[in-house]
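**Q** Dropping the sequence and predicted coords here.
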Amino acid sequence: QLQFVESGGGLVQPGGSLRLSCVASGFNLADTYAIGWFRQAPGKEREGVSCISRSESTYNIDAVEGRFTISRDNAKNTVYLQMNSLKPEDSGVYYCARTQSRSGYVFNRPYEYWGQGTQVTVSS
């Protein structure tokens, strides 16, 4: 089955850190143009958070810039999201997916191979 498998979520206090992992299953990460991390909080729409391209250029939304770092390891077929200085508003289910499109705003492109997600809860 072609999908990503996310892990690494959990409960953390405000100001804490988590590292999420996203393993590609059934395909090679090196064949992917870009991978995005998304999140969805209860009652809210899913939003794109961070993205990394094949050339390892990255993009973060303003809300996480300076706190989140996305990286990829093609040899391990894995994408990571290091999240520091976490805030309660960072809580939600985090997903990763890939896009082969190169046009338009990165998070408006068509994405595929969505995983089941991993829950992140930031609370004291």
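**A** Great, that's in hand. From a predicted model like this one, the values you see are computed outputs, not experimental measurements.

**Q** count of residues packed around residue 65?
**A** Close neighbours of residue 65, defined as other Cβ atoms under 10 Å, add up to 10. All C-beta atoms are positioned from the backbone trio N, CA, C, and that covers glycine.

**Q** Geometric centre of this protein: which residue is closest?
**A** residue 37 (2.0 Å; Cα atoms, centre = their mean).

**Q** what ranges do the strands span in the protein?
**A** For the chain, applying DSSP state E gives strands covering 3-7, 10-12, 18-25, 34-40, 47-53, 58-60, 68-73, 78-83, 92-99, 118-122.

**Q** Relative to residue 110, which of these is closest?
**A** Taking Cβ to Cβ, strand 92-99 is the member of the strands of the chain nearest to residue 110, at 6.2 Å.

**Q** and the closest one, what does it pack onto?
**A** strand 3-7, strand 18-25, strand 34-40, strand 78-83, strand 118-122 (3 or more Cβ pairs under 8 Å, 6 or more residues apart in numbering; DSSP states H and E).

**Q** looking at those, which is closest to residue 98?
**A** Among these, strand 34-40 sits nearest to residue 98 (Cβ to Cβ), with 5.1 Å.

**Q** list the contacts for the residue nearest to the centre of the chain?
**A** 20, 22, 48, 49, 50, 51, 70, 79, 81, 94, 95, 96 (Cβ atoms under 8 Å, 6 or more residues apart in numbering).

**Q** which of the residues you listed has the most neighbours?
**A** residue 96 (31 neighbours).
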